[in-house]
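Undergrad: Make a model of this:
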Amino acid sequence: MTVPENLSSLKRMVADAPTRPPLGDVAHLGHAQLFTPCPQDTVAFFTDFLGLSVVERDGEHTYLRTWDDYEHHSLIVTGREKAGIGRTALRCSSPEALERRKAAVEATGASGRWVRDEPGVGPLWVTADPDGHEIALYYETDWYEAPSAPALKNQPEAKPGRGVGVRRLDHINYLAADVEESSGFLIDALGARPTEQIRLDSGRIAGRWQTFTQKSYDLVHTEDWTGSSGRLHHLAFATDSREDVLRAADLAVDTGVFIETGPHKHAIQQTFFLYVYEPGGNRVELCNPLTRLVLAPDWPLITWTEAEREKGQAWGLQTIESFHTHGTPTVD
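TA: Numbers count the residues shown, from 1 in each chain. Take a look at the predicted model:
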């Protein structure tokens, strides 16, 4: 009997995929910390343009949240001399799950430390991926209580009447000197599942998308052309619809927010996107991944070739040069 061509391709993709540990110990992406040389302007960007709310200020840190986040904060804006990514916090599914992931990280030879330096969450165990991006694991958290109850009791607060009104922190894209090593750490030590990747003709992995949930991706590593470590490509916030992304583009033009590229649709992950820069220089994505979920427990790792990526985005738009060269902190 002849095997259908699409089934043969599927089998090749499955064989090409790395071993996947079971999902579940990391429940979801919790929150992120963003460094900026102009914190006041950066906070204004996130509140006035994106529609986040300030929940607390503590010295150099401002804690903000998206309207549909059940936790105390979604984002920490911290004043620093240079822009970039600080801590990424991942909530574990139980205290036992946190201990399992801690043991798995330590088994790789990486170290960590316990801290309790954020409001609204309990102890965080802080480590780093091989590229130097700080990652914190935690379980204990305070559920947010809005000053006034929303009309619908199954959401944390009412939708904001300002800006884009993004729903949640969706994903983080790190730049990494060695994509395969750094993404392998997420897979082997933290239990992430890779869903898509880019393999260059040389065999080198230039980008890999990982998920802890049934979303198609939560954390991404893409190759840093400078060979630097610990840098940020972008931070992404999810909108309710494509129309919200188009509206964000109009708001950006009206308010002087710099648009780098988009609105458009990615071929990888099929996300509808708009990329802008916040005042500190960090790239921020407005994204609508539609209803794309990875429900299959045996989802094959999709590999894109160098030739396929040269075709551009989903509708043929070529990726602009700055998308491959700009990251934070900037390097000469």
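Undergrad: switch to C-alpha atoms for all contacts and neighbour counts from now on
TA: OK.
Undergrad: does residue 103 count as helix, strand or coil?
TA: helix (DSSP: H, G, I helix; E, B strand; the rest coil).
Undergrad: give the contact list for residue 134.
TA: Counting by CA atoms under 8 Å, 6 or more residues apart in numbering, residue 134 touches 86-88, 126-128.
Undergrad: What distance do you get for the nearest residue to it once chain neighbours are set aside to residue 109?
TA: Nearest non-adjacent residue to residue 134, counting by CA to CA, 6 or more residues apart in numbering: residue 128, 4.3 Å away. Distance check for residue 128 against residue 109: by CA to CA, to the nearest Å, it reads 11 Å.
Undergrad: more crowded one of those two?
TA: residue 128 (19 against 7; other CA atoms under 10 Å).
Undergrad: can you pull the buried residues of stretch 155-162?
TA: With burial defined by 16 or more other CA atoms under 10 Å, the residues of stretch 155-162 counted as buried are 156-157, 159-160.
Undergrad: Ok, stretch 249-261 next?
TA: Within stretch 249-261, the residues scored as buried using 16+ other CA under 10 Å are 249, 251-252, 257-261.
Undergrad: do stretch 109-123 as well
TA: Applying 16+ other CA under 10 Å to stretch 109-123 flags 110, 112, 121, 123 as buried.
Undergrad: can you pull the pLDDT of the last one?
TA: In other words, residue 123. Reported pLDDT at residue 123 in the predicted model: 98.
Undergrad: what about it, distance to residue 185?
TA: Taking CA to CA, one finds residue 123 at 22 Å from residue 185.
Undergrad: just the first one next, same as before
TA: From residue 110 across to residue 185, the span is 10 Å (CA to CA).
Undergrad: Repeat that for the second one.
TA: Taken as CA to CA, the spacing of residue 112 relative to residue 185 amounts to 14 Å.
Undergrad: And stretch 285-302, how far out from the chain middle?
TA: In this view, stretch 285-302 has its centroid 13 Å away from the chain centroid, taken as CA atoms, centre = their mean, to the nearest Å.
Undergrad: Now that stretch - C-alpha only, PDB.
TA: Taking C-alpha atoms only, stretch 285-302 is exported to PDB below (Å, rounded to 0.1, in the frame of the first residue of the first chain):
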ATOM      1  CA  GLU A 285       4.500  43.400  19.200                       C
ATOM      2  CA  LEU A 286       0.700  43.700  19.100                       C
ATOM      3  CA  CYS A 287      -0.400  40.200  18.100                       C
ATOM      4  CA  ASN A 288      -3.500  38.300  17.300                       C
ATOM      5  CA  PRO A 289      -2.800  34.600  17.000                       C
ATOM      6  CA  LEU A 290      -6.500  34.000  16.100                       C
ATOM      7  CA  THR A 291      -7.700  30.800  17.700                       C
ATOM      8  CA  ARG A 292      -4.600  28.800  16.800                       C
ATOM      9  CA  LEU A 293      -3.900  26.200  19.600                       C
ATOM     10  CA  VAL A 294      -1.700  23.100  19.700                       C
ATOM     11  CA  LEU A 295      -4.200  20.500  20.900                       C
ATOM     12  CA  ALA A 296      -2.400  17.400  19.600                       C
ATOM     13  CA  PRO A 297      -0.300  15.700  22.300                       C
ATOM     14  CA  ASP A 298       2.000  14.400  19.500                       C
ATOM     15  CA  TRP A 299       2.300  17.700  17.600                       C
ATOM     16  CA  PRO A 300       5.300  17.400  15.200                       C
ATOM     17  CA  LEU A 301       8.000  20.000  15.200                       C
ATOM     18  CA  ILE A 302       7.500  22.100  12.100                       C
END
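Undergrad: quick one: the strands in the stretch 201-332 of the chain?
TA: 205-211, 219-223, 232-238, 258-265, 272-277, 283-288, 302-305 (DSSP state E, counting those that start in this stretch).
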